[in-house]
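Asker: I'd like to go over a predicted model; first the sequence, then the structure.
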Amino acid sequence: MNIPKVAVIVCTYNMVRYLPESLDSVLELRYPNLEIVVVDDGSTDGTQDLIKEKYPHKVTCIRQENRGLFAARNTGIKAVPDADYYSIVDADDRIHPLKVWDEVAFLERHPEVAVCFSNIATFQKSMNEAHLVWDVHDLLGKDQLYGRIENPIEKIAKYLAFTSVSTLRATALHAVGNYDYTLKCSGDFDLAIRLTRVGGIGFINKARYLWRRESQGMTTYIQDRIVVNTRIFEKVWENSSDYSDEELKLLKQQERTFTWQALKGIAADRVDRQLTNFVQRKLLQDATWRDIVKLFLIRCVMHLGIGKATSAWKARRRIKQREPSRSPSIEKILDDMSVCFDSINP
């Protein structure tokens with residue numbers, strides 16, 4: 001049987017404390033035709049020494065000057081031009097042993113699908129409890145283990161991106177020009193939108209990706225998002241003929257949601273306030289009276305200086321509201337083999 005070749009791309013920048021955990025999980029993948037590529041995006045923390053000492057013959061390591069995450073991913077993709085699929089893994093995360101097998105098997109069964117992703121379990125410092133991210137009832141429309149997502153733009157607009165945790169069909173990825181390396185952030189969101197023009201999106205409702213969540217560089221991240229997301233939506237409007245009226249409406253709603261979130265970030269003292277006027281001007285375009293009232297209230301919050309405390313209170317409230325049934329242990333997730341397809345071919 002001809003097993004498709006999969007390139008697993010792991011990009012890292014000063015993540016040596018987590019990289020062994022990530023690479024060990026990649027090396028445990030139960031897939032027979034893999035090439036593992038680590039792209040060191042200019043790390044200064046001893047990443048090269050770690051690779052030479054612990055993984056000298058197990059991975060291909062490419063070192064480049066620091067150019068950003070999406071440029072590093074493109075480097076990894078270009079390093080394996082004969083791959084049939086590319087699976088993306090971040091250097092501080094872990095993956096399930098069946099992640100690549102299940103996602104590739106789905107893609108082989110559905111040649112019209114461009115990208116397949118699985119459910120995500122997020123965790124922080126503690127490895128004892130994880131929180132599942134995706135709601136299968138909303139993504140697939142009914143309670144099923146896997147399937148093709150209908151109305152993908154609607155789901156992307158609601159849930160944002162997933163291409164950082166997915167397996168991508170090489171022909172589809174190359175057709176849209178890989179990642180936009182000029183973007184500092186939100187490159188996954190940008191790629192997800194473009195991929196819908198060349199194929200569908202598949203989803204497997206089993207946690208196959210363990211995403212470590214840590215609040216690092218939040219100020220810079222939110223500030224970059226304000227500028228980058230403006231550029232992403234400008235690209236959509238420039239190519240509006242590629243989208244239906246309903247899709248454009250959904251993306252327009254998401255653009256405004258991003259802008260409101262940006263202003264709330266400013267109110268919480270997490271963003272340079274010099275961007276306030278830029279954000280407010282965008283919100284006042286086609287503003288309703290409700291928008292004006294909301295804008296006034298957020299300005300009051302900014303003036304009173306209570307935004308940061310409110311943001312922290314909301315974060316604590318979200319944690320308390322999590323359903324216990326959606327907080328399995330990491331060990332239970334890794335032991336769950338129930339969805340595994342019997343073969344790659346249908």
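Answerer: Good, I have the coordinates. Residues are numbered from 1 along each chain as shown.
Asker: the stretch 201-346 of the chain: helices as residue ranges?
Answerer: 218-238, 245-267, 276-284, 289-304, 307-321, 330-335 (DSSP state H, counting those that start in this stretch).
Asker: cool, and the stretch 1-150 of the chain?
Answerer: 19-27, 47-54, 69-79, 99-109, 136-140.
Asker: buried deepest among the ones you listed, which one?
Answerer: Highest mean neighbour count of those: helix 99-109, a mean of 24 (counted as mean count of other CB atoms under 10 Å). The way it works is simple: take the backbone N, C-alpha and C, and place the C-beta from them, glycine included.
Asker: what's the closest non-adjacent residue to I120?
Answerer: Using CB to CB, 6 or more residues apart in numbering and skipping residues adjacent in sequence, the residue nearest I120 is V133, 4.2 Å away.
Asker: just give me the neighbour total for the one you found.
Answerer: Counted with other CB atoms under 10 Å, residues neighbouring V133 total 16.
Asker: these two touch, right, it and F123?
Answerer: No: between V133 and F123 no contact is recorded; they are 11.2 Å apart, counting by CB atoms under 8 Å.
Asker: report the set of residues contacting both of those two.
Answerer: Counting by CB atoms under 8 Å, 6 or more residues apart in numbering, the shared contacts of V133 and F123 are W211.
Asker: so where is the stretch 101-250 of the chain shaky, pLDDT-wise?
Answerer: Residues of the stretch 101-250 of the chain that meet the criterion pLDDT under 70 lie in 125-129, 160, 214-223.
Asker: the strands in it, which residues?
Answerer: Taking DSSP state E, counting those that start in this stretch, the strands of the stretch 101-250 of the chain run over residues 113-123, 131-132, 146-148, 166-169, 200-212.
Asker: highest average neighbour count across those strands?
Answerer: Comparing these by mean count of other CB under 10 Å gives strand 166-169 as most buried, with a mean of 26.
Asker: and for that strand, what are the contacting residues?
Answerer: By CB under 8 Å, 6+ apart, the list of residues contacting strand 166-169 reads 6, 84-88, 99-100, 103-104, 107, 113-117, 195, 199.
Asker: now do stretch 78-91
Answerer: Contacts for stretch 78-91 (CB under 8 Å, 6+ apart): 4-13, 15, 18-19, 22, 26, 35, 37, 39, 60, 62, 73, 76-77, 95, 99-100, 103-104, 107, 163-170, 173, 211.
Asker: and that stretch, how far apart are its ends?
Answerer: End-to-end distance of stretch 78-91 (CA to CA, to the nearest Å): 19 Å.
Asker: my read: D190 touches L183, true?
Answerer: Yes: at 6.2 Å, D190 counts as touching L183 under the criterion of CB under 8 Å.
Asker: so what sits against both of those two?
Answerer: Listed contacts common to D190 and L183 are I232; contacts here mean CB under 8 Å, 6+ apart.
Asker: so which of these two has more stuff around it?
Answerer: Taking neighbours as other CB under 10 Å, D190 and L183 compare with D190 leading, 25 against 22.
Asker: ok, and the closest non-adjacent residue to that one?
Answerer: I232 (4.8 Å).
Asker: and what of R148?
Answerer: Nearest residue to R148, sequence neighbours excluded (CB to CB, 6+ apart): G200, at 5.1 Å.
Asker: quick check: that neighbour vs D93, distance?
Answerer: 25 Å (CB to CB, to the nearest Å).
Asker: likewise I204?
Answerer: On the measure of CB to CB, I204 and D93 end up 17 Å apart.
Asker: R67 now?
Answerer: Relative to D93, and taking CB to CB, R67 is found at 21 Å.
Asker: likewise for K58?
Answerer: Counting by CB to CB - K58 and D93 are separated by 18 Å.
Asker: how about I156?
Answerer: Going from I156 to D93 by CB to CB gives 21 Å.
Asker: quick check: domain ranges of this protein?
Answerer: As given by automatic domain parsing, the domain ranges for the chain are 6-214, 238-319.
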